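K.L.:
my questions concern the predicted model and sequence given below.
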Amino acid sequence: MAQQEMVLQEESLGDLFSDLAAHTGNLIKQEVSLVQVEMAHKVSVAGRHVALLAAGGLAAFASLLVLLAAVVIILANVVPLWLAAFLVAGIVGTVAYFIVSSALDELKKIEWAPQLAVDSIKGDAKWIKNQVTS
């Protein structure tokens, strides 16, 4: 009789561990999917900022070529041509610096670690530990 109870306990314990292994496998698959979704979102956000950075740079370059030529010509009536060109270049360089700095600051704000997935995995690890110790 005691042997039969022991066999039943072993079978149920084996079943429990089998179920735990199956659920853990499913949980890991779900966590990997969560990491993929979260990282895809972060890359998408970064891609938009990079695209805006490139578009801003191209627009600034195209418009500045024409504008700078006009400003240099106007300033050449007041100061020597070489000084007019240097003044315009200094101002344009300063504006370009602020545009690039702003875009880089926004890119630095992106947290690349998949924080939701990490938090979820930590919770899962606690759950599994509780299931094993219970």
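P.N.:
Okay, I see it.

K.L.:
isn't Gly57 right next to Ser102, touching?
P.N.:
No: Gly57 is beyond contact range of Ser102, at 12.0 Å (criterion: Cβ atoms under 8 Å). C-beta here means a position set from N, CA and C on the backbone, and glycine is covered the same way.

K.L.:
those two: who's more crowded?
P.N.:
Gly57 (14 against 11; other Cβ atoms under 10 Å).

K.L.:
for the more buried one, what is the enclosing helix or strand?
P.N.:
Remark: Gly57 resides in helix 2-75, with elements defined by DSSP states H and E.

K.L.:
so which elements touch that helix?
P.N.:
Contacts defined by 3 or more Cβ pairs under 8 Å, 6 or more residues apart in numbering; DSSP states H and E place helix 2-75 against helix 81-108, helix 115-133.

K.L.:
who are the contact partners of the residue nearest to the spatial centre of the chain?
P.N.:
The C-alpha lying nearest the average C-alpha coordinate of the chain belongs to Lys42 (Cα atoms, centre = their mean; 3.5 Å). By Cβ atoms under 8 Å, 6 or more residues apart in numbering, the residues touching Lys42 are 110-112, 114.

K.L.:
make it 7 Å
P.N.:
Listed by Cβ atoms under 7 Å, 6 or more residues apart in numbering, the contact set of Lys42 reads 110, 112.

K.L.:
if we can go back for a sec, and the helix holding Gly57 with helix 115-133, angle?
P.N.:
Taking axes from the mean of the first three to the mean of the last three Cα atoms, to 10 degrees, one finds that helix 2-75 is oriented at 170 degrees with respect to helix 115-133.

K.L.:
and helix 2-75, how far from the chain's centre?
P.N.:
7 Å (Cα atoms, centre = their mean, to the nearest Å).
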